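Novice: With the sequence up front, the predicted model follows.
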Amino acid sequence: QVQLVESGGGLVQAGGSLRLSCAASGGTFISYAMGWFRQAPGKERDVVAAISWSGGNTYYADSVKGRFTISRANAKNAVYLQMNNLKPEDTAVYHCATSTSVAGLTGRQRSISSWGQGTQVTVSS
């Protein structure tokens, strides 16, 4: 099973940017689709973005389209989330996750293989 460790969260003013990183170990990283989820207090954990093993297929939630970009570096066993023009409603704990496909991350029937522990993102107004 792949172990995931997120980093890069922090406090930023509205309109600012952050870049989250997720480092994977203990598995065959290239075999997995990767995703970023977020969970705000009292809310469900929702998918933000996802990327296929090749990087050729990406998914973005409507709320982040045009502002967030997901990418991966298979040689480094890493996935990234570049977040621009951040808004207070982006405040949440961000988790990365693995699945066998993008659909396994974004579909109604999720099939998550591994979760990271999360990194806090706080956007002040």
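Specialist: That came in fine, so what should we check first? Numbers count the residues shown, from 1 in each chain.
Novice: partners of A73 in the sheet?
Specialist: In this entry, A73 is beta-bridged to A78, by DSSP bridges.
Novice: Can you check the pLDDT for it?
Specialist: A73 is assigned 95 on the pLDDT scale.
Novice: Over to the one 4 residues further on?
Specialist: pLDDT, N77: 93.
Novice: Which secondary structure state does V123 sit in?
Specialist: strand (DSSP: H, G, I helix; E, B strand; the rest coil).
Novice: Check which residues of the host helix or strand of I70 are buried.
Specialist: I70 is part of strand 68-73 when elements are defined by DSSP states H and E. For strand 68-73, the neighbour count (16 or more other Cβ atoms under 10 Å) marks F68, T69, I70, R72 as buried. Every C-beta, even on glycine, is put in place using the N, C-alpha and C of the backbone.
Novice: what's the closest of those residues to W36?
Specialist: The shortest approach to W36 among the buried residues of strand 68-73 belongs to I70, at 6.4 Å (Cβ to Cβ).
Novice: Next, count neighbours for the closest residue to the closest one other than its chain neighbours.
Specialist: Of all residues not flanking I70 in the chain, A49 sits nearest, at 4.0 Å (Cβ to Cβ, 6 or more residues apart in numbering). A49: 26 surrounding residues under other Cβ atoms under 10 Å.
Novice: Just list the residues touching the residue nearest the centre of the chain, thanks.
Specialist: Nearest to the mean C-alpha position of the chain, by Cα atoms, centre = their mean, lies W36 at 1.7 Å. Counting by Cβ atoms under 8 Å, 6 or more residues apart in numbering, W36 touches 20, 22, 47-50, 70, 79, 81, 94-97.
Novice: roughly how far apart are it and V48?
Specialist: 5 Å (Cβ to Cβ, to the nearest Å).
Novice: Need the overlap of contacts for the two.
Specialist: Counting by Cβ under 8 Å, 6+ apart, the residues touching both W36 and V48 are L81, Y94.
Novice: Now do the same for G104: helix, strand or coil?
Specialist: Assigned by three-state DSSP, the conformation of G104 is helix.
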